[in-house]
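1. got a predicted structure plus its sequence, pasted below:
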Amino acid sequence: MMDYSRLTKAELLERLKEIEKRGAVADPATGRGQAAEAALADNEARLRAILETAVEAIITIDERGRIESVNPAALKLFGYQTGELIGNNVSMLMPNPYRDQHDSYLDNYVRTGHAKIIGIGREVVARRKDGSTIPIDLAVSEVRLAERRLFTGFIRDISDRKRAEEKLAILAQSLAEKNKELETIVYIASHDLRSPLVNIQGFSRELAHSCDSLRELLKGMAMDETRQEELKRLLLGDIPEALGFIQAGVSKIDTLLAGFLRYSRLGRAALRIERLEMNALLAGIIGAMEFQLKHSGAELKVEPLPECLGDATQVSQVFSNLIENALKYLQPGRPGKVTVSGRADKERVVYSVRDNGIGIAPEHQAKVFEIFHRLNPGKSEGEGLGLTIAQRILERQQGKIWVESTVGEGSEFFVSMPAPRRTN
Ligand code: ADP
(Lines give C-alpha, C1' and ligand atoms only; values in the text may rest on other atoms or scores of the structure.)
Protein backbone atom coordinates (compact mmCIF):
# COMPACT_ATOMS: atom_id res chain seq x y z
CA MET A 1 0.00 0.00 0.00
CA MET A 2 1.11 3.50 -0.67
CA ASP A 3 2.83 5.42 2.15
CA TYR A 4 0.62 8.49 2.30
CA SER A 5 2.66 10.04 5.08
CA ARG A 6 5.27 10.95 2.49
CA LEU A 7 2.86 12.96 0.36
CA THR A 8 2.81 16.73 0.50
CA LYS A 9 -0.35 18.55 1.46
CA ALA A 10 -1.09 19.43 -2.17
CA GLU A 11 -0.60 15.81 -3.23
CA LEU A 12 -2.82 14.55 -0.44
CA LEU A 13 -5.52 16.96 -1.44
CA GLU A 14 -5.25 15.95 -5.06
CA ARG A 15 -5.67 12.30 -4.02
CA LEU A 16 -8.65 13.14 -1.87
CA LYS A 17 -10.35 14.92 -4.76
CA GLU A 18 -9.56 12.07 -7.12
CA ILE A 19 -11.05 9.57 -4.70
CA GLU A 20 -14.15 11.70 -4.14
CA LYS A 21 -14.59 12.02 -7.89
CA ARG A 22 -14.23 8.32 -8.45
CA GLY A 23 -16.52 7.70 -5.54
CA ALA A 24 -19.26 9.75 -7.20
CA VAL A 25 -18.87 7.91 -10.48
CA ALA A 26 -18.82 4.57 -8.69
CA ASP A 27 -21.83 5.33 -6.53
CA PRO A 28 -24.04 2.25 -6.43
CA ALA A 29 -27.06 4.56 -6.66
CA THR A 30 -26.05 5.28 -10.22
CA GLY A 31 -26.57 1.59 -10.87
CA ARG A 32 -23.12 0.49 -11.80
CA GLY A 33 -23.30 -2.81 -9.95
CA GLN A 34 -20.63 -4.72 -8.11
CA ALA A 35 -17.62 -3.24 -9.86
CA ALA A 36 -18.76 0.19 -8.73
CA GLU A 37 -19.24 -1.00 -5.19
CA ALA A 38 -15.79 -2.50 -5.14
CA ALA A 39 -14.35 0.73 -6.48
CA LEU A 40 -16.20 2.63 -3.77
CA ALA A 41 -14.83 0.34 -1.06
CA ASP A 42 -11.39 0.74 -2.52
CA ASN A 43 -11.75 4.49 -2.48
CA GLU A 44 -12.86 4.49 1.11
CA ALA A 45 -9.90 2.35 2.10
CA ARG A 46 -7.58 4.80 0.38
CA LEU A 47 -9.22 7.75 2.01
CA ARG A 48 -8.87 6.12 5.42
CA ALA A 49 -5.24 5.29 4.73
CA ILE A 50 -4.52 8.92 3.92
CA LEU A 51 -6.09 10.09 7.12
CA GLU A 52 -4.51 7.40 9.27
CA THR A 53 -0.95 7.79 8.10
CA ALA A 54 -0.65 11.51 7.48
CA VAL A 55 1.85 13.30 9.73
CA GLU A 56 -0.27 16.42 9.61
CA ALA A 57 -3.43 16.69 11.60
CA ILE A 58 -6.40 16.50 9.22
CA ILE A 59 -9.95 17.42 10.24
CA THR A 60 -12.98 17.39 8.00
CA ILE A 61 -16.03 19.49 8.80
CA ASP A 62 -19.38 20.01 7.11
CA GLU A 63 -20.88 23.31 6.01
CA ARG A 64 -22.15 24.00 9.52
CA GLY A 65 -18.78 23.45 11.13
CA ARG A 66 -19.54 19.98 12.53
CA ILE A 67 -16.57 17.65 12.70
CA GLU A 68 -17.00 14.68 10.36
CA SER A 69 -13.60 13.02 10.60
CA VAL A 70 -10.32 13.39 12.42
CA ASN A 71 -7.10 11.51 11.86
CA PRO A 72 -4.81 10.07 14.58
CA ALA A 73 -2.38 12.98 14.19
CA ALA A 74 -5.19 15.39 15.05
CA LEU A 75 -6.21 13.35 18.11
CA LYS A 76 -2.61 13.37 19.32
CA LEU A 77 -2.22 17.09 18.70
CA PHE A 78 -5.43 18.14 20.45
CA GLY A 79 -5.52 15.41 23.15
CA TYR A 80 -9.08 14.19 22.41
CA GLN A 81 -10.61 10.78 21.62
CA THR A 82 -12.47 10.43 18.32
CA GLY A 83 -15.87 10.21 20.03
CA GLU A 84 -15.32 13.50 21.81
CA LEU A 85 -14.91 15.32 18.52
CA ILE A 86 -17.14 13.77 15.86
CA GLY A 87 -20.39 15.69 15.47
CA ASN A 88 -19.22 18.61 17.59
CA ASN A 89 -18.53 22.09 16.32
CA VAL A 90 -14.93 22.56 15.25
CA SER A 91 -14.84 25.83 17.18
CA MET A 92 -14.15 23.69 20.30
CA LEU A 93 -10.58 23.48 18.97
CA MET A 94 -10.21 27.25 18.94
CA PRO A 95 -9.55 29.67 21.78
CA ASN A 96 -11.58 32.83 22.04
CA PRO A 97 -12.17 35.18 20.24
CA TYR A 98 -11.88 32.79 17.24
CA ARG A 99 -14.25 30.32 18.87
CA ASP A 100 -17.13 32.79 18.98
CA GLN A 101 -16.45 34.16 15.53
CA HIS A 102 -16.12 30.86 13.72
CA ASP A 103 -19.79 30.06 13.10
CA SER A 104 -20.51 33.43 11.57
CA TYR A 105 -17.32 33.26 9.56
CA LEU A 106 -18.20 29.88 8.08
CA ASP A 107 -21.77 31.01 7.50
CA ASN A 108 -20.57 34.08 5.72
CA TYR A 109 -18.24 32.06 3.52
CA VAL A 110 -20.94 29.57 2.57
CA ARG A 111 -23.26 32.48 1.63
CA THR A 112 -20.82 34.90 -0.02
CA GLY A 113 -17.74 32.86 -0.95
CA HIS A 114 -15.64 35.47 0.81
CA ALA A 115 -12.69 33.54 2.32
CA LYS A 116 -10.26 34.49 5.05
CA ILE A 117 -8.53 31.14 5.45
CA ILE A 118 -10.11 28.74 2.98
CA GLY A 119 -7.72 28.20 0.09
CA ILE A 120 -5.31 30.71 1.63
CA GLY A 121 -3.78 29.19 4.76
CA ARG A 122 -2.34 31.10 7.68
CA GLU A 123 -0.90 30.97 11.16
CA VAL A 124 -3.52 30.80 13.89
CA VAL A 125 -3.81 29.60 17.47
CA ALA A 126 -5.53 26.34 18.40
CA ARG A 127 -6.81 25.08 21.75
CA ARG A 128 -6.07 21.65 23.20
CA LYS A 129 -8.40 19.61 25.41
CA ASP A 130 -6.39 20.64 28.47
CA GLY A 131 -7.03 24.32 27.63
CA SER A 132 -3.49 25.06 26.52
CA THR A 133 -3.01 26.88 23.22
CA ILE A 134 -0.60 26.11 20.39
CA PRO A 135 0.41 28.09 17.34
CA ILE A 136 -0.56 26.22 14.18
CA ASP A 137 -0.30 26.57 10.47
CA LEU A 138 -3.80 26.01 9.12
CA ALA A 139 -4.67 25.37 5.49
CA VAL A 140 -8.32 24.77 4.70
CA SER A 141 -9.49 23.33 1.40
CA GLU A 142 -12.97 23.06 0.15
CA VAL A 143 -14.08 19.69 -1.24
CA ARG A 144 -17.25 19.91 -3.32
CA LEU A 145 -19.23 16.69 -3.40
CA ALA A 146 -22.25 15.99 -5.54
CA GLU A 147 -24.75 17.52 -3.12
CA ARG A 148 -22.78 19.25 -0.43
CA ARG A 149 -19.38 20.41 0.43
CA LEU A 150 -16.79 19.56 3.02
CA PHE A 151 -13.94 21.56 4.39
CA THR A 152 -10.68 19.82 5.10
CA GLY A 153 -8.28 21.46 7.51
CA PHE A 154 -4.59 20.54 7.37
CA ILE A 155 -2.96 21.51 10.65
CA ARG A 156 0.72 21.66 11.49
CA ASP A 157 2.06 22.38 14.96
CA ILE A 158 4.50 25.28 14.57
CA SER A 159 5.43 25.66 18.25
CA ASP A 160 9.07 24.78 17.53
CA ARG A 161 9.28 27.29 14.71
CA LYS A 162 7.64 29.98 16.85
CA ARG A 163 10.00 29.28 19.72
CA ALA A 164 12.95 29.48 17.33
CA GLU A 165 11.62 32.78 15.94
CA GLU A 166 11.22 34.20 19.43
CA LYS A 167 14.72 33.07 20.34
CA LEU A 168 16.04 34.68 17.18
CA ALA A 169 14.28 37.97 17.97
CA ILE A 170 15.74 37.94 21.50
CA LEU A 171 19.18 37.16 20.10
CA ALA A 172 18.92 39.97 17.55
CA GLN A 173 17.88 42.36 20.28
CA SER A 174 20.73 41.30 22.56
CA LEU A 175 23.15 41.52 19.63
CA ALA A 176 22.04 45.09 18.99
CA GLU A 177 22.50 45.90 22.68
CA LYS A 178 25.94 44.25 22.76
CA ASN A 179 26.88 46.21 19.65
CA LYS A 180 25.90 49.42 21.34
CA GLU A 181 27.80 48.44 24.44
CA LEU A 182 30.86 47.62 22.36
CA GLU A 183 30.61 50.95 20.62
CA THR A 184 30.52 52.70 23.99
CA ILE A 185 33.57 50.73 25.14
CA VAL A 186 35.41 51.65 21.94
CA TYR A 187 34.44 55.26 22.44
CA ILE A 188 35.49 55.41 26.09
CA ALA A 189 38.67 53.41 25.51
CA SER A 190 39.76 55.54 22.55
CA HIS A 191 38.91 58.68 24.46
CA ASP A 192 40.64 57.64 27.69
CA LEU A 193 43.66 56.07 26.02
CA ARG A 194 44.50 59.36 24.40
CA SER A 195 45.60 61.13 27.59
CA PRO A 196 48.29 58.56 28.61
CA LEU A 197 49.34 58.61 24.99
CA VAL A 198 49.78 62.37 25.07
CA ASN A 199 51.93 61.83 28.19
CA ILE A 200 54.14 59.28 26.43
CA GLN A 201 54.42 61.66 23.50
CA GLY A 202 55.36 64.61 25.76
CA PHE A 203 57.84 62.72 27.93
CA SER A 204 59.61 61.06 25.01
CA ARG A 205 60.09 64.55 23.55
CA GLU A 206 61.46 65.66 26.92
CA LEU A 207 63.81 62.66 26.97
CA ALA A 208 65.09 63.64 23.52
CA HIS A 209 65.82 67.17 24.80
CA SER A 210 67.59 65.74 27.87
CA CYS A 211 69.74 63.61 25.60
CA ASP A 212 70.72 66.71 23.61
CA SER A 213 71.64 68.55 26.84
CA LEU A 214 73.62 65.53 28.09
CA ARG A 215 75.55 65.42 24.86
CA GLU A 216 76.45 69.12 25.25
CA LEU A 217 77.56 68.60 28.88
CA LEU A 218 79.75 65.66 28.03
CA LYS A 219 81.47 67.54 25.23
CA GLY A 220 83.71 69.45 27.68
CA MET A 221 84.49 66.49 29.97
CA ALA A 222 87.72 64.62 29.95
CA MET A 223 87.40 60.85 29.65
CA ASP A 224 89.22 57.95 28.09
CA GLU A 225 88.55 56.97 24.46
CA THR A 226 86.61 53.77 25.17
CA ARG A 227 84.15 55.61 27.42
CA GLN A 228 83.80 58.36 24.88
CA GLU A 229 83.00 55.84 22.14
CA GLU A 230 80.47 54.08 24.35
CA LEU A 231 78.72 57.35 25.27
CA LYS A 232 78.65 58.41 21.64
CA ARG A 233 77.03 55.13 20.65
CA LEU A 234 74.37 55.57 23.31
CA LEU A 235 73.64 59.26 22.87
CA LEU A 236 73.85 59.44 19.10
CA GLY A 237 72.71 55.94 18.23
CA ASP A 238 70.72 53.73 20.57
CA ILE A 239 68.77 56.35 22.57
CA PRO A 240 67.63 58.52 19.61
CA GLU A 241 66.74 55.38 17.67
CA ALA A 242 64.62 54.02 20.53
CA LEU A 243 62.95 57.39 20.97
CA GLY A 244 62.24 57.50 17.24
CA PHE A 245 60.46 54.11 17.45
CA ILE A 246 58.48 55.24 20.49
CA GLN A 247 57.36 58.40 18.73
CA ALA A 248 56.44 56.57 15.50
CA GLY A 249 54.48 54.00 17.54
CA VAL A 250 52.71 56.70 19.50
CA SER A 251 51.72 58.58 16.38
CA LYS A 252 50.37 55.35 14.78
CA ILE A 253 48.29 54.62 17.91
CA ASP A 254 47.13 58.22 17.88
CA THR A 255 45.87 57.86 14.29
CA LEU A 256 44.13 54.58 15.10
CA LEU A 257 42.48 55.99 18.23
CA ALA A 258 41.33 59.07 16.32
CA GLY A 259 39.85 56.70 13.73
CA PHE A 260 38.04 54.63 16.38
CA LEU A 261 36.71 57.82 17.93
CA ARG A 262 35.38 59.07 14.61
CA TYR A 263 33.81 55.69 13.92
CA SER A 264 32.14 55.31 17.30
CA ARG A 265 30.89 58.90 17.33
CA LEU A 266 28.85 58.07 14.23
CA GLY A 267 26.58 55.76 16.22
CA ARG A 268 25.78 58.65 18.57
CA ALA A 269 25.25 61.45 16.08
CA ALA A 270 21.59 62.43 15.81
CA LEU A 271 20.17 61.98 12.32
CA ARG A 272 18.01 64.47 10.50
CA ILE A 273 16.37 62.59 7.68
CA GLU A 274 15.02 64.80 4.94
CA ARG A 275 14.50 64.92 1.20
CA LEU A 276 17.90 65.51 -0.37
CA GLU A 277 18.44 67.36 -3.61
CA MET A 278 21.44 65.38 -4.65
CA ASN A 279 22.68 67.63 -7.48
CA ALA A 280 22.87 70.58 -5.07
CA LEU A 281 24.55 68.40 -2.46
CA LEU A 282 27.11 67.16 -5.01
CA ALA A 283 27.79 70.72 -6.18
CA GLY A 284 28.70 71.63 -2.59
CA ILE A 285 31.05 68.64 -2.28
CA ILE A 286 32.77 69.32 -5.59
CA GLY A 287 33.19 73.02 -4.74
CA ALA A 288 35.16 72.01 -1.64
CA MET A 289 37.31 69.61 -3.65
CA GLU A 290 38.51 72.10 -6.26
CA PHE A 291 42.15 71.58 -5.33
CA GLN A 292 42.15 67.76 -5.47
CA LEU A 293 40.23 67.84 -8.73
CA LYS A 294 42.73 70.19 -10.39
CA HIS A 295 45.66 68.24 -8.97
CA SER A 296 44.35 64.93 -10.35
CA GLY A 297 43.64 66.43 -13.80
CA ALA A 298 40.54 64.21 -13.96
CA GLU A 299 37.28 65.00 -15.71
CA LEU A 300 34.34 64.81 -13.32
CA LYS A 301 30.81 64.51 -14.68
CA VAL A 302 27.66 64.64 -12.56
CA GLU A 303 24.48 63.51 -14.32
CA PRO A 304 21.01 64.64 -13.21
CA LEU A 305 20.40 62.77 -9.96
CA PRO A 306 17.12 61.67 -8.37
CA GLU A 307 16.32 62.82 -4.85
CA CYS A 308 16.54 60.52 -1.85
CA LEU A 309 15.82 60.50 1.88
CA GLY A 310 18.82 60.90 4.18
CA ASP A 311 20.84 63.05 6.54
CA ALA A 312 22.49 65.81 4.47
CA THR A 313 25.75 66.05 6.44
CA GLN A 314 26.36 62.32 6.60
CA VAL A 315 25.35 61.59 3.00
CA SER A 316 27.71 64.41 1.93
CA GLN A 317 30.46 62.65 3.85
CA VAL A 318 29.80 59.40 1.95
CA PHE A 319 29.88 61.00 -1.49
CA SER A 320 32.81 63.20 -0.65
CA ASN A 321 34.76 60.07 0.35
CA LEU A 322 33.75 58.18 -2.78
CA ILE A 323 34.79 61.03 -5.09
CA GLU A 324 38.00 61.58 -3.13
CA ASN A 325 38.84 57.87 -3.54
CA ALA A 326 37.92 57.91 -7.23
CA LEU A 327 40.46 60.74 -7.71
CA LYS A 328 43.05 59.17 -5.39
CA TYR A 329 43.12 55.74 -6.99
CA LEU A 330 43.27 56.76 -10.68
CA GLN A 331 45.57 54.89 -13.03
CA PRO A 332 48.79 56.88 -13.53
CA GLY A 333 49.30 57.84 -17.16
CA ARG A 334 45.62 57.54 -18.11
CA PRO A 335 43.38 60.64 -18.18
CA GLY A 336 41.03 60.20 -15.24
CA LYS A 337 37.27 60.08 -15.74
CA VAL A 338 34.81 60.08 -12.87
CA THR A 339 31.04 59.97 -13.36
CA VAL A 340 28.32 60.30 -10.77
CA SER A 341 24.91 59.05 -11.87
CA GLY A 342 21.69 57.76 -10.34
CA ARG A 343 18.40 56.05 -11.05
CA ALA A 344 15.24 55.66 -9.03
CA ASP A 345 12.45 53.16 -8.73
CA LYS A 346 9.40 53.32 -6.48
CA GLU A 347 11.12 52.39 -3.23
CA ARG A 348 14.84 52.94 -3.69
CA VAL A 349 17.33 55.24 -5.36
CA VAL A 350 20.68 53.87 -6.51
CA TYR A 351 23.59 56.23 -7.15
CA SER A 352 26.87 55.27 -8.75
CA VAL A 353 30.35 56.81 -8.57
CA ARG A 354 32.34 55.33 -11.43
CA ASP A 355 36.05 55.80 -12.15
CA ASN A 356 38.52 54.47 -14.70
CA GLY A 357 41.24 53.98 -12.09
CA ILE A 358 43.37 51.09 -10.86
CA GLY A 359 40.41 48.93 -9.86
CA ILE A 360 40.06 46.49 -6.97
CA ALA A 361 40.68 42.73 -7.26
CA PRO A 362 37.58 40.58 -6.54
CA GLU A 363 39.12 39.12 -3.35
CA HIS A 364 39.54 42.64 -1.90
CA GLN A 365 36.17 44.07 -2.87
CA ALA A 366 34.45 43.16 0.41
CA LYS A 367 37.52 43.92 2.50
CA VAL A 368 37.78 47.59 1.48
CA PHE A 369 34.81 48.21 3.78
CA GLU A 370 36.65 46.75 6.80
CA ILE A 371 38.12 49.15 9.32
CA PHE A 372 41.72 50.27 8.53
CA HIS A 373 41.91 47.98 5.48
CA ARG A 374 44.06 49.51 2.74
CA LEU A 375 45.27 47.76 -0.40
CA ASN A 376 48.43 49.78 -1.08
CA PRO A 377 49.26 51.48 2.21
CA GLY A 378 52.55 52.99 1.08
CA LYS A 379 51.30 54.49 -2.16
CA SER A 380 48.73 57.03 -1.07
CA GLU A 381 47.61 59.07 1.92
CA GLY A 382 44.74 57.71 3.97
CA GLU A 383 43.81 55.76 7.05
CA GLY A 384 41.56 53.06 5.59
CA LEU A 385 38.49 54.35 7.39
CA GLY A 386 36.53 56.24 4.72
CA LEU A 387 34.58 53.29 3.31
CA THR A 388 34.01 51.77 6.77
CA ILE A 389 32.46 55.05 7.88
CA ALA A 390 30.44 55.29 4.65
CA GLN A 391 29.01 51.82 5.25
CA ARG A 392 28.19 52.64 8.88
CA ILE A 393 26.51 55.91 7.90
CA LEU A 394 24.38 54.19 5.29
CA GLU A 395 23.42 51.30 7.58
CA ARG A 396 21.87 53.80 9.98
CA GLN A 397 19.70 55.35 7.27
CA GLN A 398 18.44 52.19 5.56
CA GLY A 399 21.13 52.63 2.92
CA LYS A 400 23.59 50.21 1.36
CA ILE A 401 26.95 50.44 -0.36
CA TRP A 402 28.74 47.96 -2.60
CA VAL A 403 31.36 47.92 -5.30
CA GLU A 404 31.87 46.38 -8.73
CA SER A 405 35.36 46.64 -10.13
CA THR A 406 37.87 45.29 -12.64
CA VAL A 407 41.57 45.59 -11.96
CA GLY A 408 43.20 47.91 -14.48
CA GLU A 409 39.85 49.21 -15.77
CA GLY A 410 38.17 50.99 -12.88
CA SER A 411 35.68 50.77 -10.04
CA GLU A 412 32.03 51.61 -9.62
CA PHE A 413 30.71 52.22 -6.10
CA PHE A 414 26.94 51.99 -5.68
CA VAL A 415 24.93 53.67 -2.94
CA SER A 416 21.31 52.70 -2.44
CA MET A 417 19.02 54.95 -0.38
CA PRO A 418 15.29 55.10 0.38
CA ALA A 419 13.36 57.09 -2.23
CA PRO A 420 11.18 59.98 -1.05
CA ARG A 421 7.47 59.25 -1.01
CA ARG A 422 5.67 60.55 -4.07
CA THR A 423 3.39 63.46 -3.31
CA ASN A 424 0.92 62.93 -6.17
P1 ADP B 1 41.58 55.19 2.46
O2 ADP B 1 41.25 55.77 1.13
O3 ADP B 1 41.79 56.22 3.51
O4 ADP B 1 42.69 54.17 2.41
P5 ADP B 1 39.00 53.92 2.36
O6 ADP B 1 38.27 53.18 3.41
O7 ADP B 1 38.29 55.07 1.73
O8 ADP B 1 40.34 54.37 3.01
O9 ADP B 1 39.41 52.88 1.25
C10 ADP B 1 39.97 51.64 1.63
C11 ADP B 1 40.85 51.08 0.50
O12 ADP B 1 40.04 50.72 -0.62
C13 ADP B 1 41.82 52.09 -0.07
O14 ADP B 1 43.01 52.12 0.69
C15 ADP B 1 42.03 51.57 -1.48
O16 ADP B 1 43.02 50.55 -1.46
C17 ADP B 1 40.71 50.94 -1.84
N18 ADP B 1 39.87 51.84 -2.67
C19 ADP B 1 38.90 52.67 -2.26
N20 ADP B 1 38.32 53.32 -3.29
C21 ADP B 1 38.94 52.89 -4.41
C22 ADP B 1 38.80 53.19 -5.82
N23 ADP B 1 37.90 54.07 -6.27
N24 ADP B 1 39.65 52.55 -6.68
C25 ADP B 1 40.54 51.65 -6.23
N26 ADP B 1 40.73 51.31 -4.94
C27 ADP B 1 39.95 51.93 -4.02
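-> Structure received. Because the structure is predicted, anything quoted here is derived from the model rather than measured.
2. so what's the residue of the stretch 151-300 of the chain found nearest the ligand closest to, chain neighbours aside?
-> Ranked by CB to the nearest ligand atom, the top residue of the stretch 151-300 of the chain for proximity to the ligand is Gly259, at 9.5 Å. To be clear about C-beta, it is placed using only N, CA and C from the backbone, and glycine gets the same treatment. Leaving aside its sequence neighbours, Gly259 sits nearest to Leu385 (CB to CB, 6 or more residues apart in numbering; 4.7 Å).
3. residues near the one you found, how many?
-> Using other CB atoms under 10 Å, the number of residues around Leu385 comes to 21.
4. contacting residues for it?
-> If a contact means CB atoms under 8 Å, 6 or more residues apart in numbering, then Leu385 has 259, 262-263, 371-372 as its contacts.
5. repeat for Arg392
-> Arg392 sits next to 263, 266-267 when contact means CB under 8 Å, 6+ apart.
6. just to revisit the earlier point, show the buried residues in the contacts of Leu385.
-> 259, 263, 371 (16 or more other CB atoms under 10 Å).
7. show me which of the residues you listed is closest to Lys346.
-> Lys346 lies nearest to Tyr263 out of those, by CB to CB, at 33.3 Å.
8. that closest one and Thr388 touch, don't they?
-> Yes: look at Tyr263 against Thr388 with CB atoms under 8 Å: they come within range, at 6.6 Å.
9. now do the shared contacts for those two.
-> Both Tyr263 and Thr388 are in contact with Ile371, where contact means CB under 8 Å, 6+ apart.
10. ok, Ile118 to Asn89 distance?
-> Counting by CB to CB, to the nearest Å, the gap from Ile118 to Asn89 is 17 Å.
11. what's the answer for Gln314, then?
-> In this view, Gln314 and Asn89 are 60 Å apart by CB to CB.
12. got it, and Thr152?
-> Thr152 sits at a distance of 16 Å from Asn89 (criterion: CB to CB).
13. so which other helices or strands are in contact with the biggest strand by length in the chain?
-> Longest strand of the chain, by residue count under DSSP state E: strand 133-144. Secondary-structure packing of strand 133-144 (3 or more CB pairs under 8 Å, 6 or more residues apart in numbering; DSSP states H and E): helix 9-25, strand 122-127, strand 149-157, helix 159-219.
14. could you check how far the helix or strand Asn279 falls within is from the centre of its chain?
-> Assigned by DSSP states H and E, Asn279 belongs to helix 278-287. Relative to its chain's centre, helix 278-287 lies at 31 Å (CA atoms, centre = their mean, to the nearest Å).
15. tell me the buried residues in that helix?
-> 278, 281-282, 285-286.
16. what of stretch 184-199?
-> Residues 186-187, 190, 193-194, 197 are the ones in stretch 184-199 that count as buried (16+ other CB under 10 Å).
17. check what pLDDT Ala74 gets.
-> Per-residue pLDDT puts Ala74 at 95.
18. ugh, typo on my part, it should be Ser69
-> Note for Ser69: predicted pLDDT of 91.
19. tell me how many other residues crowd it.
-> Look at Ser69: counted by other CB under 10 Å, it has 17 neighbours.
20. can you list phi and psi of it for me?
-> Note on Ser69: backbone dihedrals following degrees, to the nearest 10 are phi -150, psi 150.
21. does it really touch Asp62, like I thought?
-> No: when contacts are counted by CB under 8 Å, Ser69 is not listed as touching Asp62 (10.3 Å).
22. would you list every one of the helices in the stretch 1-150 of the chain?
-> Counting by DSSP state H, counting those that start in this stretch, one finds helices in the stretch 1-150 of the chain at the ranges 9-25, 33-53, 72-78, 82-85, 98-112.
23. buried deepest among those, which one?
-> Most buried of the helices of the stretch 1-150 of the chain, by mean neighbour count (mean count of other CB atoms under 10 Å): helix 72-78, with a mean of 18.
24. what helices or strands is that helix leaning on?
-> Judged by 3+ CB pairs under 8 Å, 6+ apart, helix 72-78 is in contact with strand 57-61, helix 82-85, strand 149-157.
25. give me that answer again for 10 Å
-> helix 33-53, strand 57-61, strand 67-70, helix 82-85, strand 122-127, strand 133-144, strand 149-157 (3 or more CB pairs under 10 Å, 6 or more residues apart in numbering; DSSP states H and E).
26. surely Gln314 touches Leu394?
-> Yes: at 8.5 Å, Gln314 counts as touching Leu394 under the criterion of CB atoms under 10 Å.
27. state the mean pLDDT of stretch 53-65.
-> Averaging pLDDT along stretch 53-65 gives 90.
28. I'd guessed Gly284 sits against Ser316; true?
-> Yes: counting by CB under 10 Å, Gly284 does reach Ser316; the two are 6.8 Å apart.
29. mutual contacts of the two, please.
-> Counting by CB atoms under 10 Å, 6 or more residues apart in numbering, Gly284 and Ser316 have no shared contacts at all.
30. which of the contacts of Leu385 sit farthest apart?
-> Spatially, the most separated pair among the contacts of Leu385 is Arg262 and Phe372, at 11.9 Å (CB to CB).
31. need the overlap of contacts for these two.
-> Shared contacts of Arg262 and Phe372, defined by CB under 10 Å, 6+ apart, are found at 383, 385, 388.
32. list the contacts for Arg348?
-> 306, 308, 398-400, 416-419.
33. done for today, thanks.
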